[in-house]
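>>> compute the structure for the input listed below.
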Amino acid sequence: MNSHFQRFLAVTCLVALGAIGRPLVGQQASQPVPSASSGITAGSTNGQGIGGVIPFTADEVTVTTQTLADGTKITRKRLEKLYRDSQGRIRRERFNAEAESVGQGDSPQSVQITDSVAGASYILNPRDHTAQRREIPRPTPSAAHHSALASGNLTLAPPVPPRPTVEDLGTQMIEGLEARGERVTRTIPAGAEGNDQPLQITYEHWYWPKARLVLLSVTNDPRYGEIVLRLTNLALDEPRAELFQVPPDYTLQELQPVAKPESPSD
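Numbering: from 1, shown residues only. Next comes the predicted model:
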């Protein structure tokens, strides 16, 4: 998998960790359409659990299919186990791509824990029992934005891309839940990315509004192919608390955030 495609998957996962739910329609209309979704949404406060978050456990299967110019198809599969507790903490276990399902005794290749309560994220390596901890950075205005505000000159902002269109797809039952569907279509103008003709991207997702949970999403992007994400084996139960903690026999390494150089003062 080349680095460009890896960056694409990383960005789509981060985008999917934003708000998914009824307010999504208005947000998608003013922001670039995400190219894929993740069933889990971090920091959600729309639900009925403790702290307003509905806990759950599910398998997440992502299948990416690329069709080459000669008709050859390249298919990649990713299998992950997802956990979210009623405090909004998230655990994501990644398994071997060849696995068809996750058994109770299966060991993941890697584990990521996002603890929004403690303000930290962890990467666990089950093979050598090591863990890395990093603080979750708080968003801050960029130095360039500060400079522009100070000078009163905001004319260098990039042009606003065409607004995506949003289509209501109604409802259907998925995993025993009533899911609402939306299709977002975004057009990249000719010349915006070196393309000689406009590119059309569609992002269809079906979500359970009560828990802000995407159950199924289908993305078609001519640059990367089709990405289908589906949640299966969904259980609306509270996961065990120890799943969101670093095991005591793991060696923990603290990763410091990279300090950005300060802009020179006038």
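
>>> kindly export the strand or helix carrying residue 76 (C-alpha atoms) in PDB.
In the assignment (DSSP states H and E), residue 76 maps to strand 73-84. Provided in PDB are the C-alpha atoms of strand 73-84 (Å, rounded to 0.1, in the frame of the first residue of the first chain):
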ATOM      1  CA  LYS A  73      -9.400  -5.300  -9.400                       C
ATOM      2  CA  ILE A  74      -7.300  -4.900  -6.300                       C
ATOM      3  CA  THR A  75      -9.200  -5.700  -3.000                       C
ATOM      4  CA  ARG A  76      -8.000  -4.900   0.500                       C
ATOM      5  CA  LYS A  77      -9.700  -5.900   3.700                       C
ATOM      6  CA  ARG A  78      -9.400  -4.500   7.200                       C
ATOM      7  CA  LEU A  79     -11.000  -6.200  10.200                       C
ATOM      8  CA  GLU A  80     -11.200  -4.400  13.600                       C
ATOM      9  CA  LYS A  81     -13.000  -4.900  16.900                       C
ATOM     10  CA  LEU A  82     -14.500  -1.700  18.300                       C
ATOM     11  CA  TYR A  83     -15.500  -0.900  21.900                       C
ATOM     12  CA  ARG A  84     -17.000   2.300  23.300                       C
END
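
>>> what residues sit buried inside the helix or strand following that strand?
Sequence-wise, the next helix or strand downstream of strand 73-84 (DSSP H and E) is strand 90-94. Of the residues in strand 90-94, those buried under the neighbour-count criterion (16 or more other CB atoms under 10 Å) are 90-93. C-beta: built from backbone N, CA, C; applies to glycine.

>>> can you list the low-confidence ranges for the stretch 1-150 of the chain?
1-52, 97-105, 139-150 (pLDDT under 70).

>>> mind listing the helices for it?
Listed in chain order, the helices of the stretch 1-150 of the chain (DSSP state H, counting those that start in this stretch) span 3-16, 24-30, 143-151.

>>> from residue 216, how far off is residue 206?
4 Å (CB to CB, to the nearest Å).
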